[in-house]
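S.K.: coords please:
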Amino acid sequence: MEWYDKISEFMEGLPEWLQAHPRYGYLVVAGILLLWLVGIVCGWRWTYSRPGSWEGNFWMGTLGERSYRFWLGLTVAVATGCSLLLFFVTG
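M.R.: Numbering: from 1, shown residues only. Predicted coordinates for the structure are as follows:
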């Protein structure tokens, strides 16, 4: 299981590397937000349904599922853009 040891080694060294290069944290955030955005566009229910969330359920009930996905996707896209902007500005 050499591949597992390499991945484990990489993951153990990642926090120290991110502390030495903090601007790459913005890329990590942008990657997570991009995955979330792809899920919203593809209609993966876990990315936009909010079980137990009063506010999310209120907006989904008020706007409808399709419109809620549009506005949530727009918000996530703007957040992704801001994260990428911060990455390029801080470099």
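S.K.: what comes up buried for the helix or strand of the chain with the lowest mean pLDDT?
M.R.: Of all the helices and strands that make up the chain, helix 54-63 has the lowest average by mean pLDDT, DSSP states H and E, namely a mean of 87. Going by neighbour count (16 or more other CB atoms under 10 Å), the buried part of helix 54-63 is Trp59, Met60. Backbone N, C-alpha and C define where each C-beta goes, glycine included.
S.K.: Heading C-terminal from it, find the next helix or strand.
M.R.: Sequence-wise, the next helix or strand downstream of helix 54-63 (DSSP states H and E) is helix 65-89.
S.K.: Show me what the least confident helix or strand of the chain is packed up against.
M.R.: Helices and strands in packing contact with helix 54-63 are listed as helix 65-89; criterion 3 or more CB pairs under 8 Å, 6 or more residues apart in numbering; DSSP states H and E.
S.K.: how far off helix 54-63 does the helix it packs on point, in degrees?
M.R.: 120 degrees (axes from the mean of the first three to the mean of the last three CA atoms, to 10 degrees).
S.K.: model confidence over helix 65-89, on average?
M.R.: Mean pLDDT, helix 65-89: 96.
S.K.: send the alpha carbons of the least confident helix or strand of the chain over as CSV?
M.R.: The C-alpha atoms that make up helix 54-63 are tabulated as CSV, following Å, rounded to 0.1, in the frame of the first residue of the first chain:
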residue,chain,number,x,y,z
TRP,A,54,-35.7,27.0,8.6
GLU,A,55,-34.2,29.8,6.5
GLY,A,56,-33.2,27.5,3.6
ASN,A,57,-36.6,25.8,3.5
PHE,A,58,-38.3,29.2,3.7
TRP,A,59,-36.5,30.4,0.6
MET,A,60,-37.0,27.2,-1.3
GLY,A,61,-40.7,27.2,-0.5
THR,A,62,-41.0,30.9,-1.4
LEU,A,63,-38.9,30.9,-4.6
